[in-house]
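1. no letters, just coordinates:
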């Protein structure tokens with residue numbers, strides 16, 4: 001496991017959302033009072049405890065790295081498939097633009 005705190009935080013976000021059986025996970029700049037990290041369970045959106053806004057770009061970059069995104073124009077789509085804490089995390093990630101953030105959908109095992 002890496003000592004990189006952004007990487008650890010990003011994996012923890014994916015782990016927690018999957019553990020809570022999220023149908024969708026969004027990592028994007030916060031609007032209003034909402035958290036920049038939200039996930040949907042059974043049609044209801046939940047905010048994750050808001051991290052410092054300064055780390056969100058790093059989280060987005062880490063998600064792009066985990067999905068092995070090439071340097072190409074938007075939109076981008078990829079697969080994150082990694083093991084964290086003994087659990088296989090599998091997510092499809094989509095990005096329509098750099099400003100829009102990431103939308104992730106879990107892949108059932």
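-> Sure, I can see it. Computed from a predicted model, the values in this text were never measured in an experiment.
2. where along the chain do the strands fall?
-> With strands called from DSSP state E, the chain shows them at 24-27, 37-41, 44-47, 76-84, 87-95, 102-106.
3. how about these in a markdown table, adding mean pLDDT?
-> Formatted as a markdown table, the strands of the chain follow (pLDDT from 0 to 100):
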| stretch | mean pLDDT |
| --- | --- |
| strand 24-27 | 94 |
| strand 37-41 | 94 |
| strand 44-47 | 93 |
| strand 76-84 | 93 |
| strand 87-95 | 94 |
| strand 102-106 | 93 |
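4. quick one: closest of the ones you listed to residue 7.
-> Relative to residue 7, the nearest member of those by C-beta to C-beta is strand 76-84, separated by 10.2 Å. C-beta: built from backbone N, CA, C; applies to glycine.
5. hang on, the earlier thing: from the strands of the chain, which stretch is densest packed?
-> strand 24-27 (a mean of 21; mean count of other C-beta atoms under 10 Å).
6. one step back: redo the strands of the chain as TSV? Include distance to residue 66.
-> Shown next, in TSV, are those (distance: least, C-beta to C-beta, whole Å):
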stretch	distance to residue 66
strand 24-27	12
strand 37-41	15
strand 44-47	22
strand 76-84	5
strand 87-95	8
strand 102-106	10
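7. for the closest residue to residue 50 other than its chain neighbours, give its distance to residue 41.
-> Closest residue to residue 50 apart from its sequence neighbours, by C-beta to C-beta, 6 or more residues apart in numbering: residue 35 at 4.2 Å. Distance check for residue 35 against residue 41: by C-beta to C-beta, to the nearest Å, it reads 15 Å.
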